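[1] Pasted the sequence and its predicted model underneath.
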Amino acid sequence: MTELVTSGHEAPSGWRVAVLGGGAWGTALALAMLRAGHFVRLYARDPETVAAIDRGENPRYLPGIALQPGIVATTDIAAALDGADCVLAVAPAQALRAMLAAARHHVPSGIPLVLCAKGIERDTGALLSAIVEEALPNNPVAALSGPSFATDVARGLPTAVVVAARDADLAADLAARFSAENLRCYSSDDLVGVEIGGALKNVFAIAAGAVTGAKLGASAQAAMVTRGFVELRRIGAAFGARPETLMGLSGLGDLLLTCSSAQSRNFAYGLALGQGKPLAGLPLAEGVPTAAIAARLAAERGIDAPIITAVAAILDGTVTIGQAVTALMTRPLKTETDI
Ligand SMILES: NC(=O)C1=CN([C@@H]2O[C@H](COP(=O)(O)OP(=O)(O)OC[C@H]3O[C@@H](n4cnc5c(N)ncnc54)[C@H](OP(=O)(O)O)[C@@H]3O)[C@@H](O)[C@H]2O)C=CC1
Ligand SMILES: O=C(CO)COP(=O)(O)O
């Protein structure tokens, strides 16, 4: 592996970056890595996606966006990982464990694995970093997160994210290597804080979409996002996240983005829910499994998380949106600063 660099974002020479996942975010990050001067191999399990990327497009996941040449796409995970200096793991959160099982014997020892998904494993409650540490004990884990729609990044629009690792030098090195003219990467050593913010904001994005879809009004929207952030901070604190991380790009920043834009698939999912439209066939909404497990974790740990609990109950059909709103509005009164 090349030596660590921590200054600016001009120094790094090209790394061999393996991107695992050929969806919207994997493809966008592959482009971002090319622009940052790296050699990119992208693994997708679907041969049609690989063929499309070879043609310079990914119409299923990034329709209408022309891909600059240079991404080497393959269905062979071993070939994608051969000689890699770094791995970006970009499958959905619930698929991470399966993807790592396929990858683990081919990941060079010691290279960083950067989590790019946002979620908590539904069946186990595991943070994604814990899944990586179990599957790849000889590889340092990092996470890239923050307000960043794949289409924006793919188009090269200015975007800021945070790259976190427990080792601050590794985080700074990765941030320097990944940054380019229109991708500004901050670094953090609060890996868990970055993971928690990214996972939970999706649950509130579903709630925000539902508030809009059910025409509950802009005031309700602002109240929900603000009180949702209180729940995010409570759960974050229980996991050891630092408050300033939750206030940053991967927490508040991404919460604001996805709670305010129908470009967010989680918001769009909530919008359909609030409008009573069919949900089957909608694009990936990571907040759905994360709501269920976050509600369970909050209950087990005695953390007050009424909005997350309401979203989970609405999604599993236990309560209607109307019933959830009434329950939220008639809870015992309290001081606002009672975090
Ligand atoms: N899209 C965005 O704007 C952003 C997304 N993210 C996060 O990135 C993660 C991925 O999202 P995104 O790329 O958008 O999702 P998409 O639905 O666009 O794509 C998912 C990709 O993962 C692949 N995949 C699913 N399961 C497996 C598996 N077991 N092994 C290998 N590949 C698998 C799919 O393959 P196949 O086509 O064969 O099913 C597909 O290529 C999510 O956690 C999301 O929250 C983060 C920031 C921005
Ligand atoms: O995480 C994202 C932007 O930061 C993407 O959000 P959605 O998955 O809701 O589209």
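    Looks like it arrived, so ask away. Numbering: from 1, shown residues only. Ligands and ions are numbered 1, 2, ... in the order given.
[2] Show the contacting residues for the residue of the chain found nearest ligand 1.
    In the chain, the residue that lies nearest ligand 1 is Gly23 (1.7 Å; CB to the nearest ligand atom). Backbone N, C-alpha and C define where each C-beta goes, glycine included. Gly23 makes contacts with 61, 90-92, 150, 284, as judged by CB atoms under 8 Å, 6 or more residues apart in numbering.
[3] for it, phi and psi?
    phi -90, psi -160 (degrees, to the nearest 10).
[4] quick one: it from Gly125, how far?
    24 Å (CB to CB, to the nearest Å).
[5] Likewise for Leu62?
    32 Å.
[6] Could you do Ile53 as well?
    Counting by CB to CB - Ile53 and Gly125 are separated by 34 Å.
[7] Then Gly197?
    17 Å.
[8] where exactly do the strands run in the protein?
    Assigned by DSSP state E, the chain shows strands spanning 16-20, 39-43, 72-74, 86-89, 113-115, 141-145, 159-165, 183-188.
[9] any idea which of those strands is most buried?
    strand 141-145 (a mean of 29; mean count of other CB atoms under 10 Å).
[10] Which residue, other than its chain neighbours, is closest to Pro306?
    Leu328 (5.8 Å; CB to CB, 6 or more residues apart in numbering).
[11] how about the residues of the stretch 51-200 of the chain near ligand 2?
    Proximity of the stretch 51-200 of the chain to ligand 2 is confined to 118, 147-149 under the rule CB under 6 Å from any ligand atom.
[12] picking that back up, show me the contacts for the residue nearest to Pro306.
    306-307, 310 are the contacts of Leu328 under CB under 8 Å, 6+ apart.
[13] which among these gets closest to Ala80?
    Proximity of the contacts of Leu328 to Ala80 (CB to CB) peaks at Ile307, which lies at 39.5 Å.
[14] Residue ranges in the protein under the pLDDT threshold?
    1-12 (pLDDT under 70).
[15] quick check: domain ranges of it?
    Per the record, the chain has its domains at 16-189, 193-329, by automatic domain parsing.
[16] so what's Ala294 up against?
    120, 199-200, 203, 235, 305, 308, 312.
[17] Could you check how far it is from Thr309?
    When Ala294 is compared with Thr309 (using CB to CB), they lie 9 Å apart.
[18] just Ile65 next, same as before
    Ile65 is 38 Å from Thr309, by CB to CB.
[19] With Arg296 instead?
    Note on Arg296: its distance to Thr309, by CB to CB, is 9 Å.
[20] Not counting residues beside it along the chain, what's closest to the residue positioned nearest the centre of the chain?
    In the chain, the centroid-proximal residue (CA atoms, centre = their mean) is Lys118; its distance is 2.7 Å. Nearest in space to Lys118, with sequence neighbours left out and distances taken as CB to CB, 6+ apart, is Gly198 at 3.8 Å.
[21] wouldn't the one you found be in contact with Ser145 here?
    Yes: between Gly198 and Ser145 there is a contact under CB atoms under 8 Å: 4.0 Å.
[22] Can you pull the residues that touch both of these two?
    With CB under 8 Å, 6+ apart, Gly198 and Ser145 have common neighbours 118, 250, 254.
[23] and which of the residues you listed is nearest to Thr212?
    Asp254 (18.0 Å).
[24] Of Ile53 and Gly125, which one has the most company?
    Shown here are Ile53 and Gly125; by other CB atoms under 10 Å, Ile53 has more neighbours (23 against 13).
[25] How about the contacts made by the more buried one?
    Here Ile53 is in contact with 22, 27, 42, 44, 67, 71, 73 (CB under 8 Å, 6+ apart).
[26] Quick check, the last one in contact with Asp54.
    Yes: taking contact to mean CB under 8 Å, the distance of 5.8 Å between Ala73 and Asp54 places them in contact.
[27] so how far is Asp85 from His106?
    From His106 over to Asp85 (counting by CB to CB), the distance is 14 Å.
[28] hmm, stretch 42-58 touching ligand 1?
    Yes: against ligand 1, stretch 42-58 shows contacts by CB under 6 Å from any ligand atom at 44-46, 49.
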